[in-house]
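Student: predicted coordinates and the sequence they were generated for:
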Amino acid sequence: MSGHGTPIPMTSHPCGPLTGQAHVPGDKSISHRSLILGAMAVGETRISGLLEGEDVLDTARAMRAFGAEVTDHGGGEWSVHGVGVGGFAEPRNVIDCGNSGTGVRLIMGAMATTGITATFTGDASLNKRPMARVTDPIALFGAQAVGRSGGRLPMTIVGAADPVPVRYEVPMPSAQVKSAVLLAGLNAPGQTVVIEKEATRDHTERMLRGFGARITTENSDAGRVITLTGQPELKPQTIAVPRDPSSAAFPVCAAIITPGSDVLVPNIGLNPTRAGLFTTLREMGADLTYENEREEGGEPVADLRARFSPDLKGIEVDPARAASMIDEYPVLSVVAAFAQGDTVMKGVGELRVKESDRIDAMATGLRLNGVAVDEGEDWWIVHGLGHGNVPGGATCESHLDHRIAMSFMVMGMAAQNPVSVDDGGPIATSFPIFEPLMAGLGANVARADR
């Protein structure tokens, strides 16, 4: 059952060519951070193109609960009157972050060095996800956390009244953990240092710099060293949110595997810490090109053109690329099913602690649809069948995971038989216009009659 209501079974039918333009929603990572940093600045931050999916709307509600004035002006235009670093008020009620692991972890970090107490919960999926990866480092600042066994939500965070700066080496590649520590460091005196052995998406560093924080990044033998000087006065910004590359993945991949397709996906953020999927697709032989390359708001942006690619080849994906495409492996595994030969994906253990165990969820569903998959703790191999040879015909469990649901909907567009999911409701958390957008391109995705 969906954490957001009654399950919505959905079926994707084989379709003709996908053509036209796919205007995907704003970037989810940047949308979350725009609201949080806007709430920590002094004055009014203006945001255009905000993703208005449930995950981001939950973050907007949370910022209101902490005392910021957050206003929806319509059409993706929002404003945030911030309360300043260290200015969060104590929420009167429990903060419900819905399905969003990004939202809850970033917010925990942002409030961890302010002397207030807040309790967090989420939907059935989020309440299963581990939070110790954030509560352990924020404890170094002086914050305390009390939650369910295994470090799970619901959880109460008691912020540090007298925080101290920390030096923290992130044990696994995680932009969420890195960002939570940096946000906590904003209200700690002195310098907070985060070291990551493997670079992850750097939106937080870019945006902190844009808001006026003193932050430096350098490469060393230990890895990427990020140093933040605490207790700045953040200056409000005007932010144009680029379109989300993780959402763009679905129309792009659908076009690549569906005969005759030619789809343009405009204004996609191509931050190098996020664009690993597109590099991988090109290595597999996909007809994917960048047009109108430019820079907007400090982020590289381009229009993506994806065309049907009948001669895809299986490859071994560079494990060093995993952090830059961790959310895109589910839909990549669908493309791999339509390639000739094996696609090998290693170093992806993080997939097992996302909204679902994504390796297990995708491997199970692929097998049900006639595709062989081998898997281990942090790797999996999809044995591709080649264009036109994927049977389909099965109903897969989405496990309350938006990316699992959308990936199987993409599969159904090019399989021999329709592919269904038990619950497509979670798609609204990140891509609320997925169904009409894909229908506008020529897809046939239908909800089951109730």
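Tutor: Alright, I've got the coordinates.
Student: CA atoms for contacts and neighbours, from now on please.
Tutor: Noted.
Student: state the distance from the residue of the chain most remote from its centre to residue 41.
Tutor: Farthest-out residue of the chain from its mean C-alpha position, per CA atoms, centre = their mean: residue 162, at 32.5 Å. From residue 162 over to residue 41 the distance is 21 Å, taken as CA to CA, to the nearest Å.
Student: please enumerate the helices of this protein.
Tutor: With helices called from DSSP state H, the chain shows them at 28-40, 54-65, 101-111, 132-141, 175-185, 203-210, 245-257, 276-283, 329-337, 358-368, 402-414, 434-441.
Student: any idea of the mean pLDDT in the fifth one?
Tutor: It refers to helix 175-185. For helix 175-185, mean pLDDT rounds to 97.
Student: angle of it against helix 28-40?
Tutor: In terms of direction (axes from the mean of the first three to the mean of the last three CA atoms, to 10 degrees), helix 175-185 departs from helix 28-40 by 10 degrees.
Student: how much does helix 175-185 deviate in direction from helix 101-111?
Tutor: Helix 175-185 runs at 20 degrees relative to helix 101-111, counting by the same axes, to 10 degrees.
Student: need the residues that contact helix 175-185.
Tutor: 102, 105-113, 133-134, 137-138, 141, 165-166, 170, 191-192, 194, 196, 200-202, 204, 228-230 (CA atoms under 8 Å, 6 or more residues apart in numbering).
Student: quick one: low-confidence ranges for the stretch 201-350 of the chain?
Tutor: Applying pLDDT under 70 to the stretch 201-350 of the chain flags residues 297-298.
Student: tell me which stretches of it form strands.
Tutor: Secondary structure of the stretch 201-350 of the chain, counting by DSSP state E, counting those that start in this stretch: strands at 215-220, 223-229, 238-240, 262-269, 287-296, 299-307, 316-317, 340-346.
Student: hey, which of the ones you listed is tucked in deepest?
Tutor: Mean neighbour count, computed with mean count of other CA atoms under 10 Å, is highest for strand 262-269 among the strands of the stretch 201-350 of the chain, reaching a mean of 24.
Student: name the helices or strands packed onto that strand?
Tutor: strand 19-21, helix 245-257, strand 299-307 (3 or more CA pairs under 8 Å, 6 or more residues apart in numbering; DSSP states H and E).
Student: circling back: check the contacts of helix 175-185 for burial and list the buried ones.
Tutor: Neighbour counting by 16 or more other CA atoms under 10 Å classes 102, 105-113, 133-134, 137-138, 141, 165-166, 170, 191-192, 194, 196, 200-201, 204, 228-230 among these as buried.
Student: ok, back up a step: including distance to residue 90, could the helices of the chain go into JSON lines?
Tutor: As requested, the helices of the chain are exported to JSON lines (distance: least, CA to CA, whole Å):
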{"stretch": "helix 28-40", "distance to residue 90": "14"}
{"stretch": "helix 54-65", "distance to residue 90": "8"}
{"stretch": "helix 101-111", "distance to residue 90": "9"}
{"stretch": "helix 132-141", "distance to residue 90": "18"}
{"stretch": "helix 175-185", "distance to residue 90": "16"}
{"stretch": "helix 203-210", "distance to residue 90": "24"}
{"stretch": "helix 245-257", "distance to residue 90": "34"}
{"stretch": "helix 276-283", "distance to residue 90": "39"}
{"stretch": "helix 329-337", "distance to residue 90": "38"}
{"stretch": "helix 358-368", "distance to residue 90": "35"}
{"stretch": "helix 402-414", "distance to residue 90": "31"}
{"stretch": "helix 434-441", "distance to residue 90": "36"}
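Student: closest to residue 320 out of those?
Tutor: helix 276-283 (9.7 Å; CA to CA).
Student: could you chop the protein up by domain?
Tutor: Domain segmentation of the chain under automatic domain parsing yields 10-26+242-447, 28-240.
Student: the longest one spans what distance, first to last residue?
Tutor: Counting by CA to CA, the length from the leading to the trailing residue of domain 10-26+242-447 is 4 Å.
Student: likewise the last one?
Tutor: According to CA to CA, domain 28-240 extends 13 Å from its N-terminal end residue to its C-terminal end residue.
Student: how far is it from where the chain is centred?
Tutor: Mean-position distance between domain 28-240 and its chain equals 15 Å (CA atoms, centre = their mean, to the nearest Å).
Student: stretch 233-248 now?
Tutor: 14 Å.
Student: cool, and stretch 324-339?
Tutor: On CA atoms, centre = their mean, the centre of stretch 324-339 falls 15 Å from that of its chain.
Student: show me the contacts for residue 25.
Tutor: 49, 50, 51, 52, 243, 244, 247, 431, 433.
Student: who's in contact with the first one?
Tutor: Contact analysis of residue 49 by CA under 8 Å, 6+ apart lists 25, 26, 75, 76, 77, 240, 241, 242, 243.
Student: how many residues are close by residue 73?
Tutor: Other residues near residue 73 come to 11 when the count uses other CA atoms under 10 Å.
Student: which residue is the nearest non-sequential neighbour of it?
Tutor: Once flanking residues are discounted, residue 73 sits nearest to residue 79: 7.6 Å by CA to CA, 6 or more residues apart in numbering.
Student: what sits against the one you found?
Tutor: 44, 45, 46, 47, 69, 70, 71, 72, 73.
Student: closest one of the residues you listed to residue 292?
Tutor: Nearest to residue 292 among these, counting by CA to CA, is residue 47 at 23.3 Å.
Student: any idea how far the closest one is from residue 94?
Tutor: For residue 47 relative to residue 94 (CA to CA), the value is 26 Å.
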